[in-house]
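**Student:** Return a 3D structure for these sequence lines:
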Amino acid sequence: MKEEKTRAYISGPVTGNENYMQQFETAEKRLQAAGYEVINPAKILKPLEDICTYDELMNLCIGLLNIADCIVMLDGWKQSRGANREYGYAAGMRIDTYEIYMFPKLKEETNEGA
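**Tutor:** Residues are numbered from 1 along each chain as shown. Okay, the predicted model is just below:
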């Protein structure tokens with residue numbers, strides 16, 4: 001019998017955040033290192049950001065969140081309208097919620113200032 005990995009959906013501020021792709025990528029690597037299969041909506045939906053409206057993108061995000069076992073909130077999520085929407089949906093659907101600080105930093109993250 002195949003043991004299934006837990007799918008983690010990443011949620012965080014995108015609009016007005018110039019570094020969002022890097023933040024989501026770092027979170028993806030951190031979660032993968034912890035043994036999760038990762039749903040990174042920033043990477044998945046990037047090709048559609050000039051085609052779809054904000055609400056259409058959020059609907060796609062909720063669809064992706066529906067196939068996740070948990071949601072991982074990135075720093076600054078409380079100031080993000082979209083991340084709050086995802087958080088509220090996850091809470092309503094009883095999807096486990098974590099914050100990124102709960103996962104160990106990777107070696108390359110700890111050497112950033114060196």
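**Student:** And the lengthiest helix in the chain, what does it pack against?
**Tutor:** For the chain, the longest helix by residue count, based on DSSP state H, is helix 20-33. Under the contact criterion of 3 or more C-beta pairs under 8 Å, 6 or more residues apart in numbering; DSSP states H and E, helix 20-33 touches strand 7-11, strand 37-39, helix 41-45. Quick note: C-beta positions are derived from backbone N, CA and C, even for glycine.
**Student:** can you give me how far the shortest one is from the chain middle?
**Tutor:** Going back to what we said before, that points to strand 37-39. Here strand 37-39 is found 9 Å from its chain centre; the criterion is C-alpha atoms, centre = their mean, to the nearest Å.
**Student:** Check stretch 96-103 too.
**Tutor:** Counting by C-alpha atoms, centre = their mean, stretch 96-103 is centred 10 Å from the centre of its parent chain.
**Student:** Show me the contact partners of that stretch.
**Tutor:** Stretch 96-103 is contacted by residues 8, 12, 27, 30-31, 34, 69-75, 87, 90-91 when judged by C-beta atoms under 8 Å, 6 or more residues apart in numbering.
**Student:** Give me the buried entries from these.
**Tutor:** Buried residues within the contacts of stretch 96-103, defined by neighbour count using 16 or more other C-beta atoms under 10 Å: 8, 12, 27, 30-31, 70-74, 87, 90.
**Student:** between the contacts of stretch 96-103, which is nearest residue 45?
**Tutor:** Ranked by distance to residue 45 (C-beta to C-beta), the contacts of stretch 96-103 are led by residue 12 at 13.2 Å.
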